[in-house]
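Colleague: Got a predicted structure here, sequence first:
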Amino acid sequence: MGRKSKRKHHPDPEDVAKADRKEINSLCGQLLEVCSRPTPLAPVKQWEEFMLIYAIVSKVCKKQQDTRFKNHKREEHFDVFDAWAKEHGVTGPGEAFCIERYEEGGYGLKALKDLKTEDLFLSVGRKVMITENNARESDLGPLIRKDRVLQGMPHVALALFLLAERVNDQSFWKPYIDILPTSYSLPLYFTPEELQQLQGSPVYSEALKQHKNIARQFAYFYKMLQASQDAIKLPLKDKFTYEGYRWAVASVMSRQNQIPSKDGSHPISALIPVWDMCNHTNGKITTGYNMPNDSCESVALHDFKEGEQIFIFYGVRPNALHLLYSGFVFPESHCDSMGIQLGISKNDKLYLMKQQMLGRMGLTESSHNFPLLGAEYPISAELLAFLRVFSMSEEELQKRLFDTHFSESLGDLIQPEFIVSKENEIRCWTFLETRLTLLLRQYKTSPEEAEKLWNDGNLSVHSKLCLQLKMTEQSILTNSIAFCQTQKERAQELEDNATSYLGEDLDGAVDIEELDIGGHSARLIKPRGPVALAMEEDTQLDDDEDDDDIPTTSSTSLSTTTKDTESIPEMSDESQTDSRNDVEGSEQLPPENSSDNGQLEEVVSNGDHEIVENGDVIKENGMNGDYELDERDVSIVGSKLSSLHLETEEQTKVTKSAESQDSIGTNGIAINGEQLEESKE
């Protein structure tokens, strides 16, 4: 017998790589299994689910060790980027502005000369943009054509293409990719400890859901790339990491916009270099798409002096969406809002009558997400109408459903000056005050405590964002509660047989407009704020007509895709669940049969509200009539998108379209007056 060698055995690197891929594949299988389960309703259970997902993802990251952006400094590449942009037709860099770092907001554009309002300061041609068409025409094309998820979610295909270009050192867009952030301040990058600081806010559940969706998508695409014959020669196959995918998703989520296709027939997803360096402020949208020149163009929002930062307006959306999908909070916002999810309980003995009444007004879903506005008049017209129908007695419902005189006056329900009855009005504001007070209690810190924490100054960047968001939401709730109290006091002072507040001073809180509704004349008393309901014939409420007269805002929850939006900020694949199962030859992403998640569980019994919060029962005195908060107690209302409008003029301005949150980006574009979705960080 010879002596055993003392030399250490070094395993073949290829064998190690195969073993790692096998283990990662197994972990991805676990992620798909966990992430495809229905999302729990209780916040405590949501957190447990998140921690399980987080543990599996951490194991994946430990195996993959993506260090491509380690020690990468984006500022070292700005000069090369400027030269590349100018070489390919971008006008503005080095002439009207330069990239500058700011203490607040990070990098932005600094004016190199005085700019007057509506001065053209930036033009970006299609050539330098990264679009979904580039993805389809690339080596990823065969995968995209065969995979239902990628076909139906162009923003996901755009993210994969961006990641593929990131690992390609010869990419045409390398100068642009090199100046993109290596990480983002989105909740997707928050630690578990930082996510906990969002408790109380409706964003808490949405942030957990965001982590779940991205983990699920990563697992699906990892397994697809390993198994698909179309991916064998793709460099991305062996370089597809969770960290890389999260980066690509965050880049698209915070910077993607929609531009018109070359023939102007439909919108496509795109990243627009240089323009996506602009930071946000209050104002109006001042970006349009010049079809003859095939370029995105921006004009000055107002006068800018040399040396000042150039801002643009991202569009009307709440701070919750700014944080979730752009990674910032803007406390000075003139168009902030949050929402509450309300519906009529099927246990309500008047359920069918109330639903019929709401259906006549265009509120056909079983539950609705109603905006609370960060304005002097915080109640939207749709919420006002719902509250009045919800609080109606059987006699009041019968009159408006079956009496011709009353059925023709449904429009009065959205008028602040008109009432159903004194009793109905008191019940409306009592109910809403109780509901909002309960929501305010969910925040773990009071407004005073939050302000003290902020003034102490010992907070991380992410902690500051969490605190800022909660302070803005608490402010909206506090203002709305005070408004309810005032309205209730006004109602209590009315005569018993009163049918309106007419004769009282409305304090300039509304605008009066004469309308012709279904052949009937009516006075529209519009709250001064961004939300009001549009009326269609037969006195129904509709979002698509009379937009010029009655501005509307979507009241869908964050997880809902509306008819006008194609991109999804969360990169959620839920909307594609049914259709993608028909694709042959590709692994299908298991559907997540999850529902929207509530901060509270609510049981209504004998007119009392029994609220269960993390196992603790809180009882609140209720009113007659049942109600429910279908799945999610609080949701967020707003738009992640605005629309750039492409009209017949050579340079057109962007106008805002309040669409679903299920889109990625910020500002937008439209053609010949038709609104197209769009976005930006």
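Modeller: Yes, it's here. Numbering: from 1, shown residues only.
Colleague: give the contact list for H211.
Modeller: Residues near H211 by CB atoms under 8 Å, 6 or more residues apart in numbering: 50, 53-54, 187-188. (Glycine included, C-beta is placed from N, CA and C.)
Colleague: Sorry, wrong one. I was asking about F81.
Modeller: Applying CB under 8 Å, 6+ apart to F81 gives the contacts 175-176, 178-179, 273.
Colleague: Taking these together, which two end up most distant?
Modeller: Put simply, by CB to CB the two of the contacts of F81 set farthest apart are D178 and P273, 11.2 Å from each other.
Colleague: Give me the more crowded residue out of the two.
Modeller: In this view D178 and P273 are compared by other CB atoms under 10 Å, and P273 has more residues nearby, 23 against 19.
Colleague: what residues are up against the more buried one?
Modeller: P273 neighbours (CB under 8 Å, 6+ apart): 81, 85, 90, 124, 128-129, 173, 176.
Colleague: Look at it and tell me its secondary structure.
Modeller: What DSSP: H, G, I helix; E, B strand; the rest coil gives for P273 is coil.
Colleague: Pop out the phi and psi values for it.
Modeller: phi -60, psi 150 (degrees, to the nearest 10).
Colleague: Flag every buried residue along the top helix by length along the chain.
Modeller: Ranked by residue count under DSSP state H, the longest helix found in the chain is helix 461-492. Buried residues in helix 461-492, counted by 16 or more other CB atoms under 10 Å: 462-477, 479-481, 483-484, 487-488, 491.
Colleague: about what we covered before: pull the most distant pair out of the contacts of H211.
Modeller: Among the contacts of H211, I53 and P187 lie farthest apart (CB to CB), at 14.0 Å.
Colleague: that older thread, can you redo the contacts of P273 as TSV with distance to G362, secondary structure and pLDDT?
Modeller: As requested, these are exported to TSV (distance: CB to CB, whole Å; DSSP: H, G, I helix; E, B strand; the rest coil; pLDDT from 0 to 100):
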residue	distance to G362	secondary structure	pLDDT
F81	48	helix	97
A85	47	helix	97
V90	45	coil	97
V124	39	strand	98
V128	43	helix	98
M129	38	coil	98
W173	45	coil	98
Y176	44	helix	98
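Colleague: Can you flag the buried ones in those residues?
Modeller: Buried, going by 16+ other CB under 10 Å: 81, 85, 90, 124, 128-129, 173, 176, out of the contacts of P273.
Colleague: farthest-separated two in the residues you listed?
Modeller: Across those, the longest distance by CB to CB is 14.3 Å; it joins F81 and M129.
Colleague: from what I can see L271 touches V128, true?
Modeller: No. Using CB atoms under 8 Å, L271 makes no contact with V128, being 9.5 Å away.
Colleague: residues shared between the contacts of the two?
Modeller: Both L271 and V128 are contacted by Y176, under the criterion CB under 8 Å, 6+ apart.
Colleague: among the helices and strands of the protein, which has the poorest mean pLDDT?
Modeller: strand 634-635 (a mean of 24; mean pLDDT, DSSP states H and E).
Colleague: what sits against the residue lying closest to K464 once chain neighbours are set aside?
Modeller: Excluding the flanking residues, the one nearest K464 by CB to CB, 6 or more residues apart in numbering is W454, at 7.5 Å. If you count contacts by CB under 8 Å, 6+ apart, W454 has them with 464, 467-468, 471.
Colleague: Of those, just say which sits nearest to E297.
Modeller: Q468 (32.5 Å).
Colleague: quick one: the closest one and E332 touch, right?
Modeller: No. With contact defined as CB under 8 Å, Q468 does not count as touching E332 (10.9 Å).
Colleague: hmm, back to that, output the contacting helices and strands for the longest helix of the chain.
Modeller: helix 192-196, helix 319-326, strand 337-344, strand 367-373, helix 422-441, helix 447-456 (3 or more CB pairs under 8 Å, 6 or more residues apart in numbering; DSSP states H and E).
Colleague: Specify the angle between the fifth one and strand 337-344 in degrees.
Modeller: If I follow you right, that is helix 422-441. Helix 422-441 runs at 120 degrees relative to strand 337-344, counting by axes from the mean of the first three to the mean of the last three CA atoms, to 10 degrees.
Colleague: picking up where we left off before, what average pLDDT does the longest helix of the chain get?
Modeller: On average, the pLDDT along helix 461-492 is 95.
Colleague: Then stretch 213-222?
Modeller: Confidence over stretch 213-222 (mean pLDDT, whole number) is 96.
Colleague: CA atoms only: put that stretch into PDB for me.
Modeller: The C-alpha trace of stretch 213-222 is given here as PDB (Å, rounded to 0.1, in the frame of the first residue of the first chain):
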ATOM      1  CA  ASN A 213     -43.600  39.300  -7.400                       C
ATOM      2  CA  ILE A 214     -40.000  40.000  -8.300                       C
ATOM      3  CA  ALA A 215     -38.700  36.800  -6.600                       C
ATOM      4  CA  ARG A 216     -41.400  34.800  -8.400                       C
ATOM      5  CA  GLN A 217     -40.500  36.300 -11.800                       C
ATOM      6  CA  PHE A 218     -36.700  35.800 -11.200                       C
ATOM      7  CA  ALA A 219     -37.300  32.100 -10.400                       C
ATOM      8  CA  TYR A 220     -39.500  31.600 -13.500                       C
ATOM      9  CA  PHE A 221     -37.000  33.300 -15.900                       C
ATOM     10  CA  TYR A 222     -34.000  31.500 -14.300                       C
END
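Colleague: any idea how far that stretch is from the chain center?
Modeller: Distance, stretch centre to chain centre, for stretch 213-222: 20 Å (CA atoms, centre = their mean, to the nearest Å).
Colleague: With stretch 67-80 instead?
Modeller: That offset, for stretch 67-80, works out to 29 Å (CA atoms, centre = their mean).
Colleague: let's have the chain start at 28 instead
Modeller: Let's use 28 as the start, then, which means that last one is stretch 94-107.
Colleague: Kindly check the end-to-end length of that stretch for me.
Modeller: 23 Å (CA to CA, to the nearest Å).
Colleague: how far is stretch 406-426 from where the chain is centred?
Modeller: How far stretch 406-426 lies from its chain's middle: 29 Å, per CA atoms, centre = their mean.
Colleague: Next, the buried residues of it.
Modeller: Buried, per 16+ other CB under 10 Å, within stretch 406-426: 406-420, 423-424, 426.
Colleague: Distance-wise, check the residue lying closest to N451 once chain neighbours are set aside relative to R454.
Modeller: Computed as CB to CB, 6+ apart, the closest residue to N451 that is not its neighbour in sequence is S418, at 5.0 Å. Distance, S418 to R454, by CB to CB, to the nearest Å: 4 Å.
Colleague: any weak-confidence spans in the stretch 28-177 of the chain?
Modeller: Along the stretch 28-177 of the chain, segments meeting pLDDT under 70 span 28-44.
Colleague: show me where it has helices.
Modeller: Applying DSSP state H, counting those that start in this stretch to the stretch 28-177 of the chain gives helices spanning 40-62, 70-91, 105-114, 159-163, 168-173, 175-179.
Colleague: Mind putting these into TSV with distance to D375?
Modeller: Converted to TSV, these look like this (distance: least, CB to CB, whole Å):
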stretch	distance to D375
helix 40-62	36
helix 70-91	26
helix 105-114	60
helix 159-163	46
helix 168-173	48
helix 175-179	38
